[in-house]
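> Build me a structure from this.
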Amino acid sequence: MQPVKRKTPSWASPSPGPGTGSGTATGGIGSSVASVKQEDGEKDAKRAKMNKAGPSKPIYTASHGMYDDVRTATLDLFHLLKKQATMSYQEAFYRVQDTSPGLDATAALQKLKEMDKVEFREVNEVFMYIPDPTLNSITEIRNHIRVHSTLTSGIPIKSLRDMLPTGIAQLGELEEKGDILIMRALSGPFKDIPLPRLGRKNVNGLKIMEGGNARWKTVFWDHAREAGKAGKKVDEEFIFSWADVPMAENDDVMKLLAEEELTASSAVPVAPKVVPTNQGKKKKKAHRALKITNTHMKELGIDFTKDYEAPT
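Okay, the predicted model is just below:
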């Protein structure tokens, strides 16, 4: 019995070449068509069916998830919670499973609970985003900085920008009054240039406190001024006079010592240490015999040179 040859499906059969009919191909055209290797059309058919379906939502697998780290998945949940304001525990759990099935969803939600500005209510199992307060008046700004800043840690300008809908220009007014202290960065017109002298301008014509609010980094409340420990502001005239005092290039102390035929200790050359070149073998120290010092016990009839025997 001869083996039956599998027929090629009609949808996978190649289309006839130009100039050929349903009969036998003639001439060079038929031979050229017959010499071309026909590929299996099943793969193309599957690919066409997938493209025809056109899923709008991407399909993720355990090996091709959106995120490979629990911390990244937690950050994604945080940004989504910031937009929605609230999110249920189940919704957050299923989102981690859908986007990154290979990750531990419980660990990601636990990290979300520990993040700042996130509150989790155990009663109804809902995550809530706590937004920053909105500061509308200069009094609210002043009170907020006074409460939330300490001597060692201030409030970043970045967080204050989110709280101030009208901008951070009002912080400059509080600084002029002496209520707050603004830490500035050496950026912009102060970058990679020498600092100006006290009370003077730099090579760009700006003082150390100028340059706009782009240099502002952190805001502190002036606790020393509030406690009455801050000194008075020095007059600019005195600052300029102090900065203009000429400094001698040579040290006068060295001249006075030279006149008295004395030399400073820093000018005396230090004698180099003598390092022995030929070092012989060190002799081992002999161990001394143990010397008994409890001689006063002999008066009591106890001699430690002999074995002690208790009296009967």
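> CA atoms for contacts and neighbours, from now on please.
Fine.
> Provide the secondary structure category for residue 172.
For residue 172, the secondary structure call by DSSP: H, G, I helix; E, B strand; the rest coil comes out as helix.
> Near it, how many other residues are there?
15 (other Cα atoms under 10 Å).
> and if you look at residue 103?
Counted with other Cα under 10 Å, residue 103 comes out at 18.
> do the one 4 residues further on as well
For residue 107, the count of nearby residues is 14 (other Cα under 10 Å).
> Also residue 140?
With other Cα under 10 Å as criterion, residue 140 counts 12.
> For the protein, which residue occupies the most central location?
residue 71 (13.8 Å; Cα atoms, centre = their mean).
> Quick one: residues contacting the nearest residue to that one once chain neighbours are set aside.
Nearest non-adjacent residue to residue 71, counting by Cα to Cα, 6 or more residues apart in numbering: residue 108, 6.8 Å away. Residues in contact with residue 108 (Cα atoms under 8 Å, 6 or more residues apart in numbering) are 70, 71, 73, 74, 96.
> Spatially, what comes nearest to the third one if we skip its sequence neighbours?
Right, residue 73. Closest residue in space to residue 73, ignoring its immediate chain neighbours: residue 67 at 6.1 Å, by Cα to Cα, 6+ apart.
> Kindly provide the distance from that neighbour to residue 95.
Taking Cα to Cα, to the nearest Å as the measure, residue 67 falls 12 Å from residue 95.
> Mind naming the longest helix for the protein?
Ranked by residue count, the top helix of the chain under DSSP state H comes out as helix 70-84.
> Show me what secondary structure element comes after that one.
The helix or strand immediately downstream of helix 70-84 is strand 86-88, counting by DSSP states H and E.
> What are the boundaries of the strands in the stretch 101-250 of the chain?
For the stretch 101-250 of the chain, applying DSSP state E, counting those that start in this stretch gives strands covering 118-121, 126-129, 155-156, 180-184, 216-221.
> For the fourth one, which outside residues touch it?
Spelled out, that is strand 180-184. 174, 175, 209, 215, 216, 217, 218, 219, 220, 221, 222.
> what does the shortest one give?
With Cα under 8 Å, 6+ apart as the contact definition, strand 155-156 has outside contacts at 145, 148, 149, 217, 218, 219, 220.
> which residues touch the third one?
When you say that, I think you mean residue 149. 155, 219, 220, 221.
> give me every residue that touches residue 126.
86, 87, 88, 89, 120.
> Can I have the buried ones of those residues as a PyMOL selection?
For the buried members of the contacts of residue 126, the matching PyMOL selection, counting by 16 or more other Cα atoms under 10 Å, is:
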select buried, resi 86+87+89+120
